[in-house]
Structures are given as C-alpha cells and as structure tokens.
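Enquirer: Structure of the sequence below:
(one chain, ligands or ions: 1)
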Amino acid sequence: MVAEAAAHLRDSGQPAFRAFGTPEGYAAAVAESLASQRRPQRRPPGRVRLQARQITKRYGRRTVLRPTDLTIRAGEVAAIVGANGCGKSTFLRICAGLLSPDSGDVAVDGVLGYCPQDGGTYDFLLPEEHFVLVGAGRGLDRAHSRRLGRAGAASLQWDAGESVQARHLSGGTRQKLNLVMAALGDPDVLLLDEPYQGFDRGTYLDFWQHVWRWRDEGRAIVVVTHLLSQLDQVDQVLDLTPDRRGVAA
Ligand SMILES: Nc1ncnc2c1ncn2[C@@H]1O[C@H](COP(=O)(O)OP(=O)(O)OP(=O)(O)O)[C@@H](O)[C@H]1O
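Expert: Numbers count the residues shown, from 1 in each chain. Purely as a prediction, here's the structure:
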C-alpha cells in the first residue's frame, strides 16, 4: 500500500495534502476499505452491459489511447486508473458516446448514466430543474424526477430543494448534482469520472457505499479513480498508464 501511495503521489505531481487530503481523512478511508471487505456473498455477475473493443484515439500527432478493451457485466464494478493525462477521461467519454474513437467500437446494453469530472451542470438552472431535464430524457414526469433527485441528493447529505442556481453552488455540491443526475432513474450502466472531487470525507464514504449498493442491485459501474484504497474491492482494474496497460481481475 505504501508503494502504491508513493506511485500515486509521483503520478499526480501534486503535494501530498492535495493528492490524499488530510492524514486523518486518508487513514479513515483506508480503515473503511478494510472494514468493508467483510461483505456478504455477492450474486454472480449478469449479462454484458458494456463492451469496448480495441478503442484508439489520437489528438493531432499524440496517441492518447492505444487499442483498449473493457467488458463489464451487470453487478460488476470496474476501476480505470493511471497517471495524469493517460486517457482515462477520454476513454470514459468514448464509452459514454460523447466522443468518437479513431477506431474500435462500444456496445451498450441498457440505459447509461454519465458523471463527468467537471462541467455538466447548467449555470442558470436550479438543481431541481436539472433533475427534471434528465428525468425527461429517461421518460419520467416532472414530479417523479424531482422526488428522485431530492432523495439522491439527501443520500449525499445535500438538500437539493433550495432555490440556488447551479453557478452559485460550491464545487463539491456541483459534483453531487452531477452524480445525482447520472444515477437518476436507476440506469443499467454508470460511468463515473472521479465523481467525488470536492466531497467531504463523510460524503466520500457515502459515495462508495452507493457504488457497492448499485453493484448489488445489478448495475454495471465504471469509476475513474486515483484512490487506491478501494481497488481491492472492485471486480477489475483497467490501468491505462502506457507501460502498465491492461486489465487485472
Ligand atoms: N480535445 C483535446 N484536444 C487535444 N488534446 C486533448 C483533448 N482532450 C484531451 N487531450 C489530451 O489527451 C490526454 C488525455 O487526457 P484525459 O483527460 O483523457 O487524461 P486523464 O487520464 O483523464 O487525466 P487526469 O488524470 O489528469 O484527469 C491529455 O494529454 C490531454 O491533454
């Protein structure tokens, strides 16, 4: 774990406080990870929900993704890890259908929710208006969308009923809004790009509890993460660092 933490610190290029948060917070996250290893027996994974085959991407002369594969089934969590700039967000955006690959293809079976690393909210809309917008795309009426959105927000310790435009929300609260929108209406596939940035420790721990619950409910989840303390609990790890590419089960 010390070696992994040192590698992460080196890759991040940031001071330790920025990369890991406070020592107390990091220690608590590690302790929580160890405690939650004593989880009940899980159901076996189900059908393939997302299959990305031989994805490549270049920007100009720079190759960002060499042929990359990922297959994720219902009831599985995959983590995408790797050094800064190795193409994690690019790969996730391709899986979400927001960016075209240069070659390769992605097949998705079911409804997909995507939580970007940043952006994704509309400055002049209230949180509830975001829920209504996303809900409409998923065939939900306004009242139902609002109810689901508020409940999702409350589970992240946020009261989304307040009348505040998104541009006035804190960075961490905007990320909560993004996460609630991604999960609204229980999509079959959840693609989450470091969704917990700016979360306080309690909400960060809540986030991982949500991930395990979504997995137990049969959703397929892909999380871009730098936090190695959770990696022993996911079903596969896709490391996109150029000299370490590949999937570890
Ligand atoms: N639209 C773009 N045009 C040109 N280069 C881009 C574009 N988008 C991303 N890149 C470059 O592609 C590389 C991969 O970016 P990406 O955001 O996928 O990396 P990442 O692994 O998610 O990084 P981080 O860990 O810092 O979030 C980076 O070098 C980035 O500068």
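Enquirer: who does the helix ranked longest in the chain touch, helix- and strand-wise?
Expert: If you go by DSSP state H, the chain has its longest helix at helix 201-216. If you count contacts as 3 or more Cβ pairs under 8 Å, 6 or more residues apart in numbering; DSSP states H and E, helix 201-216 packs onto helix 23-35, strand 77-81, helix 171-183, strand 220-224. C-beta coordinates here come from the backbone N, C-alpha and C atoms, glycine included.
Enquirer: Residues contacting it, please?
Expert: Helix 201-216 is contacted from outside by 21, 25, 28-29, 32, 36, 39, 42-43, 75-77, 155-158, 172, 176, 179, 183, 190, 192, 195-196, 199, 221, 223, 230, 233, using Cβ atoms under 8 Å, 6 or more residues apart in numbering.
Enquirer: Stretch 42-61 too?
Expert: Under Cβ under 8 Å, 6+ apart, the answer for stretch 42-61 is 63-76, 87, 90-91, 94-95, 99, 101-110, 112, 188-189, 215-216, 218-220, 222, 235.
Enquirer: same deal with stretch 117-125?
Expert: 89, 129-130, 133, 165-167, 169, 174-175, 177-178, 181, 193-195, 197, 224.
Enquirer: What parts of this structure come near the ligand?
Expert: 59, 64, 82, 84, 85, 86, 87, 88, 89, 90 (Cβ under 6 Å from any ligand atom).
Enquirer: can I assume the third one is in contact with residue 241?
Expert: Yes: contact criterion Cβ atoms under 8 Å: residue 82 and residue 241 qualify, at 4.1 Å.
Enquirer: hey, what's in contact with both of those two?
Expert: Common neighbours of residue 82 and residue 241 (criterion: Cβ under 8 Å, 6+ apart): residue 11.
Enquirer: ok, those two, which is more surrounded?
Expert: Neighbour totals were compared for residue 82 and residue 241, and residue 82 leads with 20 against 16 (other Cβ atoms under 10 Å).
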